[in-house]
Each structure stands twice: as structure tokens, then as C-alpha cells.
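K.L.:
quick one, fold the following:
(one chain, ligands or ions: 2)
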Amino acid sequence: MRILVQKFGGTSVKDLACMREVLKKVLRECERGYKLVVVLSARAGETNRLLALAQEWSATPDPAECDSLVSTGEQVSTALFTMLLKDCGVRARSLLAFQAPIITDEVYGKARISTFDQKRLLDMLQEYDVLVMAGFQGITRDERITTLGRGGSDTSAVAVAAALSAERCDIYTDVDGVYTTDPNLCSDARKLERISYDEMLEMASMGAKVLEIRSVEFAKKYSVPVQVRSTFTDAAGTMLTKEDKTMEHVLVSGIAYDKDQARITLRSVPDKPGVAAGIFGPLSAAGVTVDMIIQNSSQEGLTDITFTVSRKELGKALAVVEKVRLELHGMEVLHDAAVCKVSIIGVGMRNHSGVAAQAFEALCKENINIMLISTSEIKISCLIEEKYAELAVRVLHEAFGLSKSPLSA
Ligand code: ASP
Ligand code: MG
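P.N.:
Ligands and ions are numbered 1, 2, ... in the order given. Okay, here's the model as predicted:
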């Protein structure tokens, strides 16, 4: 049995006209002889509408009831779409999480899939040619409905593809693939034919929001070939695959940026064991995710520590830091939310040096000051003033020749 998983996002199923486009994509793969699991999101705007309803009813909506509510968006999409398939004479049925079943933990609002009954799904695929599965939802062992977190239908799709050893998981969306950078910022951005899971993780975690990050982690863990493509064109999309030798020839694959950054600097911090733990421990306990961290060399036993957090969490982080400040006499706290992180990503960096120098030079030519730098094997990130974000992305894209075909350089 050749199995393909197709996932369609909210904008692809938003109305009847869009669903008819989805229908064409599904029928085409049926004609090619595939058995299909079609994973659908809620119709565009629906999840937000339901979340707003919950807030209207209660200032602190019960998490389990909230999941029971928001998961209905996907139920509507799958039922409506299955009607279209049946009208075309396709052997199809809709499938909710509890019917699959897709078992998750009990973390309402951000549950993790623990098991999939693949035997049951395979049996159903004997009887049906298309299973239309509700994305985003799961069920606990106690039979309570859960949801997987915003954008979670991508994860549902990749997980079902992994469980059924599907030939491929096609994620249909309103963009036609993964680009070398945000095409809205840089008209030269080029669609990538292929990208490795690790590069995609860096791109996704840094503002190139094409795929939900957990789905990429899942795809990497189970080596699921994933294709990101458009519902509204027939063009091939971008393939996410395991890293291979040819990928190393390309030094830089993409430039990502993230404006959801705020910088906090702690001045005159005593430079002694336990101080960093005394700052980052309470931040983590308060649920604040810290991104970049840098500590200066110390002078006369004092040092400066700078780190970044999500802008949404700046207030919470400052409250935590204020408590620490009261304990550490003389420490000063500065903050700035008008910052942006620009990152250069490429598995080719593993075997090449000089990328950082080239990047810094390109930024320097435009007089863009770098406040913080962090690096990993396949990424260099620079924190800069937010007003230079677009310019920085464009000059880096240009400096690494990303608008040209990757192997022609
Ligand atoms: N409907 C959910 C959301 O809007 C899940 C998804 O679309 O992937 O986040
Ligand atoms: Mg999405």
C-alpha cells in the first residue's frame, strides 16, 4: 500500500472555493494510486474566534474545556471536506483524534503525542481510500480532548506520516515553499528546492514561520520526507530531508530574522560563582525563555550580563530581575525592546571558516552596529537595532549570493 499524507492549512480550507482546490490536489494523488490521509486545520480565523469566545466567557478558561472548544474548528473542516469527497464518489471518512486514536499527554493547550494506533489506521485504509483527519487535536488516556499548540496540525500530519511510514508528507499552505529569506523583505529571495531538517529548525525558530517547529523536530526524529508546497499552484515546493553531501557545498542556505526580541543588560554584576545561576534560575522558574546570553570579561570583580527574551515576556523578565537587583547591591538594569535578531544559516558552515567575518563586514559597510553575537555549528546570529532589520537581511542575502542559483557561484 502506497501511503501519502497531505496537510492543508486554514487558508486552504477557508471556504468552499478553496476546498474545491484542495479537492483537486487530493483527487490527483488518488488517481496516482495512493491511499491518503488528509489532515486539515480549522478554517482560517476559526481557532482565534474560538479562543476569543473562551475569554469572553471566562477570565481564566478551564484548560481542558478550552481544548474541547477550540478543537471543534478542525471537526468542522473535516466533516465539510469529506462531504465534497463523497459527492465525487470517493471512499472517504472523517476521523477525529479520539477515533484514530491519537493519544497525547495531559498538557492542555500544548499536548505531546505519545502513541498512534497505526494498525487501526492501516485497517481503515483497506476500507477507505481517503481518511480525512482533524489536525491539532489529541486525546488523553482518560479520554479528555487535548490540542497540540498553535499551528499543531503540521505536527499531526508529520506524526501520522511517521506512524504509517508514508512515502511523503505534503504540507500545503499559502506559500509555495521555503525561501532563502522573507520574500516580503527581499524581492530577490529564492525558493529552496531542498533544505535539511536542522536548517529548517533554525529558520522556523527564527521567524521564517512556514512550519510549526515541533513538526520539524518530529520529521527529523523519524526521517519523514516533508514537502512544503502551495495549494494554489502546481509548482513543486521545498523538500525537507536529511542532510547530505551536496548540501555542504552551499555555504549559506538562508537568512532569517526575528523581531520578537528584547534586550536586558545587567550592569555591575558581581563576578563570582552562582550569580548567573541566581539570575537565570528564577527567570526559568518564571517560565521566561532566554535566547542569546553574553557576559563581558570582568573588571574589579564586576561584570555585565546581557541577554534577550521574547518581547511578550519582557515585563515578566524585568519583574524577576528586579527581585535579583534588590539582593545584589549596585546592580543596574537596562532594557531595550527595539532590537532584532538576524541569522545566517547553513550546514555548509560546518566545514568552512570566514562566514562570520564576511557577515560582519557586510553589516559594517552599512554602518549597522552589532550588539550581540551568538553562534552554533550551522548558524550565526547578530542582534541589531530593529530599524536596520530589513537592510541587514538584504545586505546579508546579497553578500552570500543567495539570489543566484546555489551551485553557480
Ligand atoms: N487551527 C490550529 C491553529 O490555528 C492548528 C493549525 O492550524 O495548525 O493554530
Ligand atoms: Mg500553520
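K.L.:
got the buried residues for the helix or strand bottoming out on mean pLDDT in the chain?
P.N.:
The helix or strand of the chain with the lowest confidence, counting by mean pLDDT, DSSP states H and E, is helix 245-248 at a mean of 80. Residues of helix 245-248 classed as buried: 247, 248 (neighbour count, 16 or more other C-beta atoms under 10 Å). For glycine as for every other residue, the C-beta is placed from the backbone atoms N, C-alpha and C.
K.L.:
and the next helix or strand after that helix, which strands flank it?
P.N.:
Remark: after helix 245-248, the chain's next helix or strand is strand 254-270, criterion DSSP states H and E. Paired neighbours of strand 254-270 in the sheet (DSSP bridges): strand 302-309 (antiparallel), strand 332-345 (antiparallel).
K.L.:
in the stretch 251-400 of the chain, which spans are strands?
P.N.:
254-270, 290-295, 302-309, 332-345, 372-376, 379-385 (DSSP state E, counting those that start in this stretch).
K.L.:
make a markdown table from those strands and add mean pLDDT to it.
P.N.:
A markdown table is the format used below for those (pLDDT from 0 to 100):
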| stretch | mean pLDDT |
| --- | --- |
| strand 254-270 | 94 |
| strand 290-295 | 92 |
| strand 302-309 | 95 |
| strand 332-345 | 96 |
| strand 372-376 | 91 |
| strand 379-385 | 96 |
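K.L.:
residue 337 contacts residue 262, doesn't it?
P.N.:
Yes. Contact criterion C-beta atoms under 8 Å: residue 337 and residue 262 qualify, at 4.3 Å.
K.L.:
overlap in contacts, those two.
P.N.:
Residues touching both residue 337 and residue 262 (C-beta atoms under 8 Å, 6 or more residues apart in numbering) are 311, 314.
K.L.:
more crowded one of those two?
P.N.:
More neighbours surround residue 262 than the other of residue 337 and residue 262, with 21 against 14 (other C-beta atoms under 10 Å).
K.L.:
that one pairs with what?
P.N.:
Bridge pairing for residue 262 (DSSP bridges) gives the partners residue 309.
K.L.:
check contacts around residue 377.
P.N.:
Residue 377 is in contact with 349, 350, counting by C-beta under 8 Å, 6+ apart.
K.L.:
now do residue 251
P.N.:
Contacts for residue 251 (C-beta under 8 Å, 6+ apart) come out as 346, 348, 349, 352, 355, 400.
K.L.:
tell me which of those residues has the lowest pLDDT.
P.N.:
The lowest pLDDT within the contacts of residue 251 belongs to residue 352, with 82.
K.L.:
that one - nearest residue in space that isn't next to it in sequence?
P.N.:
residue 251 (5.7 Å; C-beta to C-beta, 6 or more residues apart in numbering).
K.L.:
relative to ligand 1, how far out is the residue sitting furthest away from the middle of the chain?
P.N.:
Here the centre of the chain is the reference, and by C-alpha atoms, centre = their mean the most remote residue is residue 300, at 43.4 Å. Look at residue 300 and ligand 1: by C-beta to the nearest ligand atom, to the nearest Å, they are 51 Å apart.
K.L.:
just the pLDDT at that residue, thanks.
P.N.:
Residue 300 is given a pLDDT of 87.
K.L.:
picking that back up, list only buried entries from the contacts of residue 251.
P.N.:
346, 348, 349, 355, 400.
K.L.:
same list (those residues) but as TSV, adding distance to residue 304.
P.N.:
Below are the buried ones among the contacts of residue 251 laid out as TSV (distance: C-beta to C-beta, whole Å):
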residue	distance to residue 304
346	31
348	34
349	29
355	27
400	32
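K.L.:
what would those residues look like in TSV with distance to ligand 2?
P.N.:
Listed next are these as TSV, based on distance: C-beta to the ion, whole Å:
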residue	distance to ligand 2
346	25
348	28
349	28
355	31
400	28
